[in-house]
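> just a sequence and a predicted model for now, questions to come.
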Amino acid sequence: MEDLTRALADFVRDHQVWAPPIVLLLAFGESLAFISLLIPAWGALVAIGALIGVSGISFWPVWVAGGMGAALGDWVSYWFGFRYKEHVAQMWPLSRYPEILPRGEAFVKNWGVPSIFIGRFFGPLRASVPLAAGIFEMPYWRFQLANFVSALVWSAALLLFGDVIGQIAEWLWRVA
């Protein structure tokens, strides 16, 4: 996975115009219930964030693309849970991780709409909370409001974290 992250970061550094679409796809995959279990993309998002300050990539389009990708991933996951209900647990790859969906269900039951926001920031919950919200038929517009707001905050947090790391690394490189 590190090689893929490095290759993506190198590509984005050399072809900056591709940064927003790549970030959109990475965030979508990271937020989509089934894909996020197989290919964690947060490292690549942080690595691309590290390029923002040091290579001149504009933050705003990359941030919006990341937020939209994450929100769309959760939107699809919510729909999938709403449509297929408890049958989701028997589908691959969730069937390989039987503990994930019950944890997401318990989290959504306990926290309600704030679970969408909170769950976005915790790995396995990020994959299961939107599914559980769909299964329990959380009101659509409440879900979407929490979904889009949390997606934009999450995208900014990852990209800015990477940017700060990039700035520190650049400063250390100059000082050393």
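Ah, there it is.
> pLDDT weak spots in the protein?
Scanning the chain for pLDDT under 70 picks out 1.
> where do the helices of this protein begin and end?
In the chain, the segments counted as helices under DSSP state H are 2-14, 19-31, 33-38, 42-55, 59-84, 100-111, 114-119, 123-135, 140-175.
> deepest of those, which one?
Stretch with highest mean neighbour count among these: helix 123-135 (a mean of 26; mean count of other C-beta atoms under 10 Å). To be clear about C-beta, it is placed using only N, CA and C from the backbone, and glycine gets the same treatment.
> that helix vs helix 100-111, what angle?
70 degrees (axes from the mean of the first three to the mean of the last three C-alpha atoms, to 10 degrees).
> keeping just the C-alphas, turn helix 123-135 into PDB.
Extracted in PDB, the C-alpha atoms of helix 123-135 (Å, rounded to 0.1, in the frame of the first residue of the first chain):
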ATOM      1  CA  GLY A 123     -11.700   3.600  10.700                       C
ATOM      2  CA  PRO A 124     -14.000   0.600  11.000                       C
ATOM      3  CA  LEU A 125     -16.900   2.900  12.100                       C
ATOM      4  CA  ARG A 126     -16.400   4.900   8.900                       C
ATOM      5  CA  ALA A 127     -17.300   1.800   6.900                       C
ATOM      6  CA  SER A 128     -20.300   0.700   9.000                       C
ATOM      7  CA  VAL A 129     -22.100   3.800  10.300                       C
ATOM      8  CA  PRO A 130     -23.700   4.900   7.000                       C
ATOM      9  CA  LEU A 131     -24.800   1.300   6.300                       C
ATOM     10  CA  ALA A 132     -26.300   1.100   9.800                       C
ATOM     11  CA  ALA A 133     -28.000   4.500   9.300                       C
ATOM     12  CA  GLY A 134     -29.600   3.200   6.200                       C
ATOM     13  CA  ILE A 135     -30.600  -0.100   7.800                       C
END
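> okay then, goodbye and thanks.
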